[in-house]
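Engineer: Attaching a predicted model along with its sequence, questions to come.
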Amino acid sequence: MRLWDQVPILTSVLTSHPRRQSPRLERMSENTTNNNAAPVILALNVVGDQLGAGLGRAHTMAIATVEAGEITAWEEYEVNWDVLHDTGPEGTHHGRIVRFLREHNVMALATGHMGAPMINTTLKLGVLPLLGASGPAREIAIAGAAAFLKHQSEDGEE
């Protein structure tokens, strides 16, 4: 089995109404209200207040810290990967992304899409890719933290 076959998919986490949470998102958020839960640091590609479609051509990345189901920190960085995607020698672009993830101690990465080679790279880094999401980035950060914690607890049970 390929590593990326094990990637959690956040598709349908949010309803089509950007101001309302879906019942699934509410349940996921409730699961992170344990005050003993460690903070989760997520990276999200953002376009305005929405999650961006593809990681490799992201213009802006957000780093969110989620604790007990709430965002406690949110910083945005203009990374310009949309412009830099096809510049430099082979491997340069993935190197930029890896450096960004390492510099910010990212634990999970939420995006609409990511290619298989980048999924493989993030898994090797120990960063959990969360794919297939769309909608309000801050809501996805909370849902992504819940998915990360669930994934961690499932890994611990094996």
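Structural biologist: The structure has been received and is ready for your questions.
Engineer: which non-adjacent residue is nearest Asn80?
Structural biologist: His59 (6.2 Å; CB to CB, 6 or more residues apart in numbering). Glycine gets a C-beta too; all of them are placed from N, C-alpha and C.
Engineer: and the longest helix for this structure?
Structural biologist: helix 137-157 (DSSP state H).
Engineer: Thought Leu42 was touching His104, still the case?
Structural biologist: No: taking contacts as CB atoms under 8 Å, His104 lies outside contact range of Leu42: 9.6 Å.
Engineer: who's more crowded, those two?
Structural biologist: Each of His104 and Leu42 has its neighbours counted (other CB atoms under 10 Å); Leu42 has more, 28 against 16.
Engineer: Show me what the more buried one bridges to in the sheet.
Structural biologist: Ala64, Ala108 (DSSP bridges).
Engineer: Return the residues in contact with it.
Structural biologist: 63-66, 106-110, 130, 141, 144-145, 148 (CB atoms under 8 Å, 6 or more residues apart in numbering).
Engineer: where along this structure do the strands fall?
Structural biologist: For the chain, the strands defined by DSSP state E cover 40-47, 50-51, 60-67, 70-78, 108-111, 128-131.
Engineer: Those strands: which one's closest to Met118?
Structural biologist: Ranking the strands of the chain by their distance to Met118 (criterion: CB to CB) puts strand 128-131 first, at 7.9 Å.
Engineer: Can you pull the residues that touch both of His104 and Leu42?
Structural biologist: With CB under 8 Å, 6+ apart, His104 and Leu42 have common neighbours Ile63.
Engineer: about what we covered before: gap between the residue nearest to Asn80 and Val66?
Structural biologist: Distance from His59 to Val66, counting by CB to CB, to the nearest Å: 23 Å.
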